[in-house]
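Asks: pasting a predicted model and its sequence here:
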Amino acid sequence: QVQLVESGGGLVQAGGSLRLSCAASGRTLSSYSMAWFRQAPGKEREFVAAITGSGTSTRYADSVKGRFTISRDNAKNMVSLQMNSLKPEDTAAYYCAADERGWVISTRPADFEPWGQGTQVTVSS
């Protein structure tokens with residue numbers, strides 16, 4: 001079973017950038033599709049971005065397209081989310097998650113297991 005640990009969250013002003021990282025242990029990540037989700041207080045968990053196991057395909061939520069970039073380094077067993085031009089509405093807890101169907105990109109939280117513990121991103125206006 002793979003374990004996931006996120007890092008890189010913090011407080012940033014609107015227009016700023018953050019880079020989130022998700023480190024995996026227990027198994028190699030290369031066979032998993034990986035995704036980032038986020039959840040703001042009082043809201044449902046929502047899809048942000050995903051990448052296939054090979055890294056050849058990605059998908060983004062419309063709200064982050066052109067601002068966020070998902071990438072992976074299978075040699076380091078790590079997935080990253082570069083977030084630029086951050087907006088106050090990006091404020092949320094961000095979670096990385098793994099889908100053992102490494103050739104599929106899903107946007108449904110139910111398709112992903114396991115999950116990391118989350119890292120908080122707060123964007124001030």
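Replies: Arrived safely. Residues are numbered from 1 along each chain as shown.
Asks: which strand or helix spans the residue sitting nearest the centre point of the chain?
Replies: Nearest to the mean C-alpha position of the chain, counting by C-alpha atoms, centre = their mean, stands W36 at 2.2 Å. Element membership for W36 (DSSP states H and E) is strand 33-39.
Asks: elements contacting that strand?
Replies: strand 18-25, strand 46-51, strand 68-73, strand 78-83, strand 92-99 (3 or more C-beta pairs under 8 Å, 6 or more residues apart in numbering; DSSP states H and E). For every residue, glycine as well, the C-beta is placed using N, CA and C.
Asks: can you list the buried residues in it?
Replies: Using 16 or more other C-beta atoms under 10 Å as the burial criterion, the residues of strand 33-39 that qualify are 33-38.
Asks: what's the closest non-adjacent residue to the residue lying farthest from the centre of the chain?
Replies: Of all residues in the chain, S125 has its C-alpha farthest from the mean position, at 22.7 Å, by C-alpha atoms, centre = their mean. Closest residue in space to S125, ignoring its immediate chain neighbours: P88 at 4.7 Å, by C-beta to C-beta, 6 or more residues apart in numbering.
Asks: so who does S33 touch?
Replies: Contact analysis of S33 by C-beta atoms under 8 Å, 6 or more residues apart in numbering lists 50-53, 98-99, 101-106.
Asks: OK, contacts around the residue found closest to it once you drop the neighbours it is linked to in the chain?
Replies: Using C-beta to C-beta, 6+ apart and skipping residues adjacent in sequence, the residue nearest S33 is D99, 4.3 Å away. Shown in contact with D99 (C-beta under 8 Å, 6+ apart): 32-35, 50, 106, 111-113.
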